[in-house]
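Asks: structure, please.
(2 chains)
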2 protein chains.
Amino acid sequence: MNQVSYTQRNCTDQQKIETFLVQERTGVLGMVSDTFPYAVPVNYVWHNGSVYFHGMGSGKKETILSQNPLVCFTIHKEQGTVTDPVPCHADTAYLSVMIFGKAEKVTDPEETAMALQKALDKFMPNYYSHPLTSTLIEKYRSSMDGNAVSVYRITPQEMTAKENSVESGQLFTS
Amino acid sequence: MNQVSYTQRNCTDQQKIETFLVQERTGVLGMVSDTFPYAVPVNYVWHNGSVYFHGMGSGKKETILSQNPLVCFTIHKEQGTVTDPVPCHADTAYLSVMIFGKAEKVTDPEETAMALQKALDKFMPNYYSHPLTSTLIEKYRSSMDGNAVSVYRITPQEMTAKENSVESGQLFTS
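Replies: Here you go, the predicted model:
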């Protein structure tokens, strides 16, 4: 269903995809609400073959996901524009990964603590001297009056990766 | 419907939003397909109060949009992580704009040429010595055997902007 139309652009280098997913910081979570689609950027962690992200338990994505947990999670990096003397042959250099699956709310305290710790390690390396514990997280949760953090896991049911590498031509960036 | 939950994060500075939409290069187009949502990155131009983007007339987004043209177009810039001694108060610095509307295929040759010219001006400034004309574009289209470029316009029905500015704390970036 989700094949890439231009098959020459499929990226099948699993190591490259893995490195990309580990290094990138933000993905866009595509969801279906009752009217419009809803695509919201979130910071994420790629760990053990799954995407983990978190948000406030009272937010809009929480409401939408409780009604329809099917998502498309897209991570994208644009590298610039590859010029060509023929305008319609000019193109963008990029790598992008689309992950299709169900965003499942993590309920296990240990997995919750692990996912949040991985996020701290990724986004604030070496900032905190003590690791998070499930006990600490439960304390936060109970003190936040129902507005505590929710952690979600997306285990890919399908994944596509596309790239257009810069091999020739001049690269324009802003 | 699409109110931002944390109203203190609404960005209402129209000039800031306009500048952001003009300067950013890529947005993610959230759509609804028959099964999973579909969120695909595209380069875009913001012109005269609308988003313009283009793609090959044979691609997957073309198929989806012909069935359901309602979209959420999200432009996002992450600036880094704002640290806080309390882990659950650490946060991301960002600006993001979500545009909800219908992606309408542009059929007028002049508007098509204008949108593609604006894209060339934005992504390859001063690269081509001659401007695009609707005649030239029709020539490309007819020579590309039904696989020619499609241009879409999204005129916002709703738009939300959120930001978390860096005013204090230390900013971590990768």
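Asks: partner residues bridging A:Val42?
Replies: When bridges are called by DSSP bridges, A:Val42 pairs up with A:Gly27.
Asks: the residue nearest to the spatial centre of chain A: what's it in contact with?
Replies: Closest to where the C-alpha atoms of chain A average out (Cα atoms, centre = their mean) is A:Gly27, at 3.5 Å. By Cβ atoms under 8 Å, 6 or more residues apart in numbering or on different chains, the contact list for A:Gly27 reads A:41-42, A:44, A:51, A:53, A:73-75. All C-beta atoms are positioned from the backbone trio N, CA, C, and that covers glycine.
Asks: quick one: the longest helix anywhere in chain A near chain B?
Replies: Across chain A, the longest stretch assigned as helix under DSSP state H is helix A:109-123. Yes. Against chain B, helix A:109-123 shows contacts by Cβ under 8 Å from any Cβ of the partner chain at A:116, A:120, A:123.
Asks: which one of those residues sits closest to A:Met98?
Replies: The closest of the residues of helix A:109-123 next to chain B to A:Met98 turns out to be A:Phe123 (Cβ to Cβ; 22.7 Å).
Asks: surely the closest one meets A:Arg25?
Replies: Yes. The criterion here is Cβ atoms under 8 Å, and A:Phe123 meets it with A:Arg25 at 7.2 Å.
Asks: neighbour count: the two, which is higher?
Replies: A count of neighbours by other Cβ atoms under 10 Å in any protein chain shown puts A:Phe123 above the other of A:Phe123 and A:Arg25, at 21 against 18.
Asks: leaving out sequence neighbours, find the closest residue to that one.
Replies: Excluding the flanking residues, the one nearest A:Phe123 by Cβ to Cβ, 6 or more residues apart in numbering or on different chains is B:Thr81, at 4.3 Å.
Asks: for the record, mean pLDDT for the one helix or strand A:Thr135 maps to?
Replies: Here A:Thr135, judged by DSSP states H and E, is contained in helix A:134-143. Across helix A:134-143, pLDDT averages out at 69.
Asks: stretch A:47-64 too?
Replies: The pLDDT scores in stretch A:47-64 average 90.
Asks: mind listing what's buried in it?
Replies: A:47, A:50-55, A:59-61, A:64 (16 or more other Cβ atoms under 10 Å in any protein chain shown).
Asks: list the contacts of that stretch.
Replies: By Cβ under 8 Å, 6+ apart, stretch A:47-64 touches A:21, A:27, A:29, A:31-33, A:38, A:40, A:42-46, A:73, A:99, A:106, A:114-116, A:118-119, A:146-156, B:2, B:5-6.
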